[in-house]
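Trainee: Here is a sequence together with a model predicted from it:
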Amino acid sequence: MVSTELVYTAAVLGLVNHVYFHKFEPLTAHWPLLIVGVQPFILVFSLHTFNLVNVLTATTVLLATLFTSIGIYRAGPWHPLANIPGPFWARVSKYWSLGVLLTGEKHVMMKRLHEQYGDVVRVGPNEVSIAHVDGIRNVFGTSGFQKGPFYDTWSDPTLPTKALLNLRGDAHANRRRIWNRGMNTEGLKGFEHVLAKRLVILLSQFDKIAKSGPGNNKLDLAAWFSYLTFDFMGDLAFGGPFNMLRDGGDKDGMWAIVGQGAKATAIISQIPWLVPTFNGIPGANYIMDRLRAFAQQSSENRIKSGVGEHKDLWYHLMDEEGHEKRTIPVHDVVVDGVLAIVAGSDTAAIALTYFFYRMLLDRKIYERVQAEVDSVYPDAESCLDSDRHDDLKFLSACIQESLRLFPPVPTGGPRKIPKGESRVVAGKLIAPETQIYVPAYVIQRSPVNFFPAPDSYDPDRWLRSSEHNVAENETLDYSAFIPFSYGAANCAAKHLAWRQLLMTLSAVLKKYDIKFLDPESKTGKDWESTMHDFYVTETGPLMVEVTLRK
Ligand code: HEM
């Protein structure tokens with residue numbers, strides 16, 4: 001028979017644990033598990049009632065009280081975010097947002113929530129999402145906030161350094177200065193030559209496929225654009241470890257590894273305090289181990305081979321020109337090299353693929369943009385010349401419109417308000433230590449920022465308006481266009497990405513006619529439904545027929 005004393009004491013312990021963990025937030029799962037796990041044993045021993053039933057009862061009562069108490073506190077009026085509307089289960093548990101993330105539909109859910117609840121929505125026990133243009137400046141701007149614990153899960157715990165994406169404050173500013181130097185006008189010109197070489201391979205592979213005649217002239221555009229962006233990022237980061245374009249596939253499995261790694265990290269980063277425990281499980285980090293081995297090997301090769309014909313990103317990040325007072329540690333450059341591959345491959349590939357998907361949905365727009373490319377580049381040989389990019393007005397508007405409708409990082413990671421001070425964000429006072437999302441996908445589809453028809457593909461909206469002069473009866477808020485984020489930690493390679501998009505798209509548009517292979521399918525007109533938000537977007541294949549233009 002279980003004593004009432006045992007039940008009551010276990011319940012009180014549950015409440016004490018809640019107060020304790022509320023005050024001292026756990027940074028790992030193993031210590032809290034251990035602490036909570038031993039208490040029922042200590043309790044039954046101290047009451048001299050040790051047997052299995054009593055241990056199980058004490059454990060159940062303790063956990064039930066602990067979780068109920070946490071749930072009531074989070075959902076109740078005492079919580080500092082109680083005044084912010086949001087779905088009930090989002091307020092109570094982080095597992096709600098984990099569930100949403102696992103569906104791949106986080107971006108769509110965020111949009112729906114903002115339509116239902118307004119500009120500021122509570123999307124987790126201690127998380128809000130802000131879909132107001134003022135939130136962009138308040139959160140990402142100079143007096144904004146540092147990155148939240150979500151970003152810590154993206155760094156390798158075995159290394160004595162972090163990648164640019166995971167750094168904060170002065171450490172971030174110092175590393176970013178070196179990146180910015182690499183991305184200056186001269187640096188970008190050098191990278192263009194590197195890209196041009198890969199583009200020539202892409203075009204020769206497309207030529208072969210196009211010439212293979214009806215029935216065989218088909219390819220997966222999403223995969224081929226990924227081969228291009230992976231090869232290119234590999235060139236920049238480590239002097240060329242990939243040859244996916246040449247092989248017509250992912251022979252070494254690195255694309256898959258990076259994709260799986262990014263997805264797994266996005267999932268686990270919803271519950272950052274589980275990460276150190278997870279990392280401690282032998283074999284659990286198979287993906288990270290493969291990435292680490294790849295980075296190690298590639299960096300050794302790059303050090304041996306030295307800089308090639310054109311300066312790569314390694315050259316700049318390693319400060320081979322000697323601008324910095326201190327010597328840059330090799331591991332800083334290695335982690336940033338891996339970051340370039342993770343941050344720069346899928347994002348650019350998705351932007352390229354989504355652009356073409358939109359072209360294939362609207363033949364008139366496709367023909368218009370092709371006509372512009374023909375007029376700017378009358379002969380195919382010249383279409384890698386970036387000096388004419390300013391003349392590609394309609395192509396640029398089409399790219400802007402694709403990035404507006406589907407930013408490759410649709411929701412992004414959250415920033416965190418520091419301890420001790422509430423802050424006003426988009427006109428709302430928000431409690432300390434709250435994590436804040438500013439989802440590009442939602443903001444860029446809001447009728448307040450882009451009107452009319454914010455969900456429609458209308459590249460001309462960018463031509464009818466300019467930054468200083470918006471067409472009558474329209475809204476086009478340039479400050480709400482944030483596919484590369486905003487502020488000091490925005491995309492470090494924004495200008496490179498633009499050049500990459502313009503060069504690649506004008507070359508492919510110039511040379512080929514492209515059509516859906518199977519229009520009425522998920523690889524055709526319904527391809528957008530395969531786009532899933534796992535921090536960076538994941539997509540299915542986009543199957544097309546390619547023919548050489550006359
Ligand atoms: C169309 C292509 C691209 C898009 C839309 C894009 C978008 C973004 C976004 C939204 C962020 C901020 C992420 C966050 O705060 O959570 C970011 C950061 C970053 N991106 Fe890109 N990106 C693109 C291409 C690239 C390329 C080609 C590189 C290659 C080197 C790159 C390198 C980075 C780096 C290093 C960061 C971290 C910056 C920092 O924390 O200071 N991106 N990018």
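Mentor: Yep, it's here.

Trainee: need the helix or strand of the protein with the lowest average pLDDT.
Mentor: Confidence across the helices and strands of the chain bottoms out at helix 275-279, with a mean of 75, counting by mean pLDDT, DSSP states H and E.

Trainee: Centre of the chain to it, how far?
Mentor: Relative to its parent chain, helix 275-279 has a centroid offset of 21 Å by C-alpha atoms, centre = their mean, to the nearest Å.

Trainee: how about the CA coordinates for that helix, as CSV?
Mentor: Provided in CSV are the C-alpha atoms of helix 275-279 (Å, rounded to 0.1, in the frame of the first residue of the first chain):
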residue,chain,number,x,y,z
VAL,A,275,22.4,18.8,-27.6
PRO,A,276,25.3,18.2,-25.2
THR,A,277,23.6,15.0,-24.0
PHE,A,278,23.1,13.9,-27.6
ASN,A,279,26.7,14.6,-28.5
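
Trainee: Only the buried residues of it, if you could.
Mentor: Residues of helix 275-279 classed as buried: 275-276, 278-279 (neighbour count, 16 or more other C-beta atoms under 10 Å). To be clear about C-beta, it is placed using only N, CA and C from the backbone, and glycine gets the same treatment.

Trainee: Take those residues and lay them out in JSON lines including distance to residue 316.
Mentor: Output for the buried residues of helix 275-279, formatted as JSON lines (distance: C-beta to C-beta, whole Å):
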{"residue": "275", "distance to residue 316": "31"}
{"residue": "276", "distance to residue 316": "33"}
{"residue": "278", "distance to residue 316": "34"}
{"residue": "279", "distance to residue 316": "31"}
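
Trainee: Name the nearest of those residues relative to the ligand.
Mentor: When the buried residues of helix 275-279 are ranked by distance to the ligand (C-beta to the nearest ligand atom), residue 275 comes first, at 17.1 Å.

Trainee: Skipping adjacent residues, who's closest to the closest one in space?
Mentor: Sequence neighbours aside, residue 153 is the residue nearest to residue 275 in space, at 4.9 Å (criterion: C-beta to C-beta, 6 or more residues apart in numbering).

Trainee: Where does that neighbour sit: helix, strand or coil?
Mentor: Residue 153 falls in the helix class when you classify it by DSSP: H, G, I helix; E, B strand; the rest coil.

Trainee: Can you pull up the residues of this structure that come close to the ligand?
Mentor: Applying C-beta under 6 Å from any ligand atom, we find that the chain lies next to the ligand at 164-165, 176, 339-340, 343-344, 347-348, 351, 408-409, 412-413, 483-485, 489, 491-493, 496-497.

Trainee: Restricted to helices, list those.
Mentor: If you go by DSSP state H, the residues of the chain next to the ligand have 176, 339-340, 343-344, 347-348, 351, 496-497 in helices.

Trainee: separation between the closest residue to residue 30 other than its chain neighbours and residue 314?
Mentor: In this structure, residue 30 finds its nearest non-sequential neighbour in residue 277, 4.7 Å apart by C-beta to C-beta, 6+ apart. Between residue 277 and residue 314 the computed distance is 34 Å (C-beta to C-beta, to the nearest Å).

Trainee: How about residue 19?
Mentor: With distances taken as C-beta to C-beta, residue 19 is found 51 Å from residue 314.

Trainee: neighbour-wise, which of these two wins?
Mentor: Neighbour tally, residue 19 and residue 314, criterion other C-beta atoms under 10 Å: the higher count belongs to residue 314, 27 against 11.

Trainee: Hmm, residue 334 and the more buried one touching each other?
Mentor: No: using C-beta atoms under 8 Å, residue 314 is not in contact with residue 334, being 9.2 Å away.

Trainee: re the thing from before, count the residues that sit near the residue nearest to residue 275.
Mentor: Other residues within reach of residue 153, judged by other C-beta under 10 Å, total 23.

Trainee: same deal with residue 548?
Mentor: Other residues lying near residue 548 total 12 when counted by other C-beta under 10 Å.

Trainee: Report the spatially closest residue to it, excluding sequence-adjacent ones.
Mentor: Leaving aside its sequence neighbours, residue 548 sits nearest to residue 210 (C-beta to C-beta, 6+ apart; 4.7 Å).

Trainee: Could I get the contacting residues of the one you found?
Mentor: Residues in contact with residue 210 (C-beta atoms under 8 Å, 6 or more residues apart in numbering) are 217, 512, 546-548.

Trainee: Turn those into a markdown table, columns for pLDDT.
Mentor: A markdown table is the format used below for the contacts of residue 210 (pLDDT from 0 to 100):
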| residue | pLDDT |
| --- | --- |
| 217 | 97 |
| 512 | 97 |
| 546 | 97 |
| 547 | 97 |
| 548 | 96 |
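
Trainee: Among these, name the ones in strands.
Mentor: Cross-referencing the contacts of residue 210 against strands under DSSP state E gives 512, 546-548.

Trainee: and residue 91, what element?
Mentor: Assessed by DSSP states H and E, residue 91 sits inside helix 88-92.

Trainee: Who wins on neighbours among the contacts of residue 210?
Mentor: Among the contacts of residue 210, residue 546 has the most neighbours (other C-beta under 10 Å), with 22 neighbours.

Trainee: Tell me if I'm right that that one and residue 209 touch.
Mentor: Yes: Residue 546 lies in contact with residue 209 (C-beta under 8 Å); the separation is 5.8 Å.

Trainee: what residues do those two have in common as contacts?
Mentor: Contact criterion C-beta under 8 Å, 6+ apart; residues shared by residue 546 and residue 209: 217-219.

Trainee: could those be laid out in a markdown table, adding distance to residue 382?
Mentor: Formatted as a markdown table, the shared contacts of residue 546 and residue 209 follow (distance: C-beta to C-beta, whole Å):
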| residue | distance to residue 382 |
| --- | --- |
| 217 | 25 |
| 218 | 29 |
| 219 | 25 |
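
Trainee: count of neighbours near the nearest residue to residue 451 once chain neighbours are set aside?
Mentor: Computed as C-beta to C-beta, 6+ apart, the closest residue to residue 451 that is not its neighbour in sequence is residue 475, at 4.0 Å. Other residues near residue 475 number 17, with proximity taken as other C-beta under 10 Å.

Trainee: For the closest residue in space to residue 223 that isn't next to it in sequence, give me its contacts.
Mentor: Beyond its immediate neighbours in the sequence, the residue positioned closest to residue 223 (C-beta to C-beta, 6+ apart) is residue 541, lying 6.4 Å away. Residue 541 sits next to 220, 222-223, 523 when contact means C-beta under 8 Å, 6+ apart.

Trainee: Looking at neighbours, which among those residues is most surrounded?
Mentor: That'd be residue 222 among the contacts of residue 541, by other C-beta under 10 Å, with 24 neighbours.

Trainee: a helix runs through that residue, doesn't it?
Mentor: Yes: per three-state DSSP, residue 222 lies within a helix segment.

Trainee: Identify the residues contacting it.
Mentor: Neighbours of residue 222 in contact, by C-beta under 8 Å, 6+ apart: 349-350, 353, 539-542.

Trainee: These into TSV, with extra columns for secondary structure and pLDDT?
Mentor: Converted to TSV, these look like this (DSSP: H, G, I helix; E, B strand; the rest coil; pLDDT from 0 to 100):
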residue	secondary structure	pLDDT
349	helix	98
350	helix	98
353	helix	98
539	coil	96
540	coil	96
541	coil	98
542	coil	98
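
Trainee: Which among the residues you listed count as buried?
Mentor: With burial judged by 16+ other C-beta under 10 Å, the buried subset of the contacts of residue 222 is 349-350, 353, 539-542.
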